[in-house]
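In: What follows is a predicted structure for the sequence shown.
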Amino acid sequence: MAFDYCSVYNIKLLHKAAAILKEHRAPMLNVLSKRLRNRLKMQSLKYEEQTLEISGVLIAFLGMKGPNTASLQRMVSAIVYEGYCHDGIYVIMIKFSRFRIVPTSLAKPDMIAFFMTTRQIQIPLGVVLAIPPFNYPVNLAVSKIAPALIAGNSIVLKPPTQGAVAALHMVHCFHLAGFPKGLISCVTGKGSEIGDFLTMHPGVSCISFTGGDTGIAISKKAGMIPLQMELGGKDACIILEDGDLDLAAANIIKGGFSYSGQRCTAVKVILIMESVADTLVEKVKAKVAKLTVGPPEDDCDITPVVTESSANFIEGLVMDAKQKGATFCQEYKREGNLIWPLLLDNVRPDMRIAWEEPFGPVLPVIRINSIEEAIHHSNASNFGLQGCIFTRDINKAILISDAMETGTVQINSAPARGPDHFPFQGLKDSGIGSQGITNSINMMTKIKSTVINLPTPSYAMG
Ligand SMILES: NC(=O)C1=CN([C@@H]2O[C@H](COP(=O)(O)OP(=O)(O)OC[C@H]3O[C@@H](n4cnc5c(N)ncnc54)[C@H](OP(=O)(O)O)[C@@H]3O)[C@@H](O)[C@H]2O)C=CC1
Ligand SMILES: O=C(O)[C@H](O)COP(=O)(O)O
């Protein structure tokens, strides 16, 4: 399909897909909540965000000049840059950078040439293999599908087993919008059984994966293709003496226990200055006591974790901490896959929970005596996704952020991925590449250079 027509076509259909996804919201959320046993409210928030996400991309290309073809073609060839959130809708600024004439003064002195680079958005990579995880099987699928389509690629979606039904429904919505079935395909099956066939297939031109350390294994098998990996995290919440402890406590609850802790960007370890630790722990305990626990149908705050194996893994971390002397702020309680929220105080570095990712409603507190100690612990982790700092001294916060080896640092708020036009990346074992609408589109396009060699110098070379 010719470039301009292809991308213009895709953008118009993405608008339609966004509308259809909204129409199908109720059945999708019902499936998501039943299959994932998570609270409906959280799912609906994510669902909203996902449809906005599509709209966000479209507004980037459509909203500036209205949907006439000429401006669309010109815009689709642009590279999308920073954006901002306005009334909950993402408006992404566009800078035209189709051609850049680079003088050759840096090249060989006798070289007389115009050097043009273009981000060949019209030459798609080919087939993008999108693999989202169980916690956001639709939202994280769309965050891969929309940029891939904008860049003119076709997509093979391999949804998580826990979430496959909702993903199939979501792909059906794209087909209802008019996307050809061959352009977006959904292949269901256990990753352990069909994963290698897909990730090592010669027809795959790019892999966009979100999940656990499975991604590390995939990156070693995939070969010479662009990879976008967003993996686990051990996001540290650093709280200094001058931090707003009420704000910190509220963000620890939101960041550590929402979605029953099953978020890569969840707060995974609290590093708090000893002098204010008792006060903070009491504030968090009081809030934990108010969390409701039970089935998603009752719209509880804490619902069962995704599988028995996940619950068993979490229990293993808790028992290790108990055996090594951690302070249990609540009684450890589990019924099947349902684990009651648990704050573990006085955790030490020899305990597994200090380093491993429970992906559940269990949160360790490590008491520190210096900022250097906080930075050291955060950077000693194999993960490097996000982190957050609570202090009123912004200068100090920026310096700590500079020192933290993480893809993102939130100052005075809990870690989070969105809004989705923000770059989102993990360092070390937390991933490779960067997500977010702009970076995803960039990553799913090719750069090509064209050099015009002139017989004589031209004044146009500046
Ligand atoms: N970074 C993040 O946002 C997330 C991180 N995680 C981390 O991952 C851990 C496990 O969660 P989970 O979602 O099961 O993560 P996994 O990495 O096991 O699965 C993520 C996705 O990869 C698929 N997959 C599994 N094995 C392969 C393979 N060999 N080749 C290709 N694809 C494969 C899964 O499919 P299938 O379901 O069929 O196995 C799923 O769609 C969590 O405990 C947490 O640490 C989990 C969710 C989100
Ligand atoms: O992979 C994840 O768990 C999500 O990217 C986290 O997204 P959130 O910060 O919006 O919950």
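Out: Noted; the coordinates are in hand. Ligands and ions are numbered 1, 2, ... in the order given.
In: Confidence-wise, which helix or strand of this protein is lowest on average?
Out: Least confident helix or strand of the chain, by mean pLDDT, DSSP states H and E, is strand 89-95 with a mean of 37.
In: Ile131 against Ile207, yeah?
Out: Yes: at 7.0 Å, Ile131 counts as touching Ile207 under the criterion of C-beta atoms under 8 Å. Where C-beta positions appear, they are placed from N, C-alpha and C, glycine not excepted.
In: Give me the common contacts of the two.
Out: Both Ile131 and Ile207 are contacted by Thr199, under the criterion C-beta atoms under 8 Å, 6 or more residues apart in numbering.
In: gap between the closest residue to Phe390 other than its chain neighbours and ligand 1?
Out: Excluding the flanking residues, the one nearest Phe390 by C-beta to C-beta, 6 or more residues apart in numbering is Gly243, at 3.5 Å. Separation of Gly243 from ligand 1 (C-beta to the nearest ligand atom, to the nearest Å) stands at 27 Å.
In: surely Gly243 meets Cys388?
Out: No: contact criterion C-beta under 8 Å: Gly243 and Cys388 do not qualify, at 10.4 Å.
In: out of these two, which sits in the more crowded spot?
Out: The residue with more neighbours, out of Gly243 and Cys388, is Cys388; 28 against 22, by other C-beta atoms under 10 Å.
In: Can you get me a residue count around the closest residue to that one other than its chain neighbours?
Out: Once flanking residues are discounted, Cys388 sits nearest to Gln410: 4.2 Å by C-beta to C-beta, 6+ apart. Using other C-beta under 10 Å, Gln410 has 22 neighbouring residues.
In: Then Phe179?
Out: 22.
In: mind listing what Gly407 touches?
Out: Counting by C-beta under 8 Å, 6+ apart, Gly407 touches Gly384, Leu385, Gln386, Pro423, Phe424, Gln425, Gly426, Leu427, Ser430, Gly431, Ser434.
In: measure the fifth one to ligand 1 for me?
Out: If I follow you right, that is Phe424. The value you get for Phe424 to ligand 1, if C-beta to the nearest ligand atom is used, is 10 Å.
In: With the second one instead?
Out: Leu385 sits 7 Å away from ligand 1, taking C-beta to the nearest ligand atom as the criterion.
In: And that residue, its phi and psi?
Out: phi -80, psi -70 (degrees, to the nearest 10).
In: Isn't it up against Gly233?
Out: Yes: if you go by C-beta under 8 Å, Leu385 and Gly233 touch, sitting 3.2 Å apart.
In: quick one: common contacting residues for those two?
Out: Common neighbours of Leu385 and Gly233 (C-beta under 8 Å, 6+ apart) are Cys264, Thr265, Pro415, Gly426, Ser430.
In: from those residues, which are also near ligand 1?
Out: Cys264 (C-beta under 6 Å from any ligand atom).
In: Among the shared contacts of Leu385 and Gly233, which one is most surrounded by other residues?
Out: Cys264 (29 neighbours).
In: tell me the contacts of the closest residue to Lys254 other than its chain neighbours?
Out: Nearest residue to Lys254, sequence neighbours excluded (C-beta to C-beta, 6+ apart): Ala414, at 5.3 Å. Counting by C-beta under 8 Å, 6+ apart, Ala414 makes contact with Cys237, Asn251, Ile252, Lys254, Gly255, Gly256, Val267, Cys388.
In: Next step: those residues restricted to strands.
Out: Cys237, Val267, Cys388 (DSSP state E).
In: if we take these, which one ends up nearest to Arg352?
Out: The closest of the ones in strands among the contacts of Ala414 to Arg352 turns out to be Val267 (C-beta to C-beta; 17.5 Å).
In: I'd say that closest one and Lys234 touch.
Out: No: assessed by C-beta under 8 Å, Val267 is found out of contact with Lys234, at 9.7 Å.
In: Apart from its chain neighbours, what residue comes closest to the residue in the stretch 351-462 of the chain positioned nearest to ligand 1?
Out: Closest to ligand 1 within the stretch 351-462 of the chain is Phe359: 3.6 Å, counting by C-beta to the nearest ligand atom. Nearest in space to Phe359, with sequence neighbours left out and distances taken as C-beta to C-beta, 6+ apart, is Gln262 at 5.4 Å.
In: Kindly report the same for Lys324.
Out: Leaving out its chain neighbours, the residue that sits closest to Lys324 by C-beta to C-beta, 6+ apart is Met351, at 4.9 Å.
In: List the buried residues of stretch 365-374.
Out: Val365, Ile366, Arg367, Ile368, Ile371, Glu373, Ala374 (16 or more other C-beta atoms under 10 Å).
In: Those: which two are farthest apart?
Out: Val365 and Ile371 (17.0 Å).
In: now check stretch 231-239, is it near ligand 1?
Out: Yes: Stretch 231-239 lies within reach of ligand 1 by C-beta under 6 Å from any ligand atom, at Leu231, Gly232.
In: In TSV: the contacts of Ala414, plus distance to ligand 2 and pLDDT.
Out: Shown next, in TSV, are the contacts of Ala414 (distance: C-beta to the nearest ligand atom, whole Å; pLDDT from 0 to 100):
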residue	distance to ligand 2	pLDDT
Cys237	14	98
Asn251	13	98
Ile252	15	98
Lys254	10	96
Gly255	9	96
Gly256	12	97
Val267	11	98
Cys388	12	98
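In: Flag every residue of the stretch 1-150 of the chain that's near ligand 2.
Out: So far as C-beta under 6 Å from any ligand atom goes, the stretch 1-150 of the chain lies against ligand 2 at Asn135, Tyr136.
In: Mind checking what secondary structure the most far-flung residue of the chain relative to its centre has?
Out: In the chain, the residue that sits farthest from the middle, by C-alpha atoms, centre = their mean, is Thr456; the gap is 50.6 Å. What DSSP: H, G, I helix; E, B strand; the rest coil gives for Thr456 is coil.
In: Near ligand 1, which residues of the chain are found?
Out: Residues of the chain lying near ligand 1 (C-beta under 6 Å from any ligand atom): 131, 133-135, 158, 160-162, 190-192, 195-196, 199, 210-212, 214, 218, 230-232, 264, 357, 359.
In: This completes my enquiry, with thanks.
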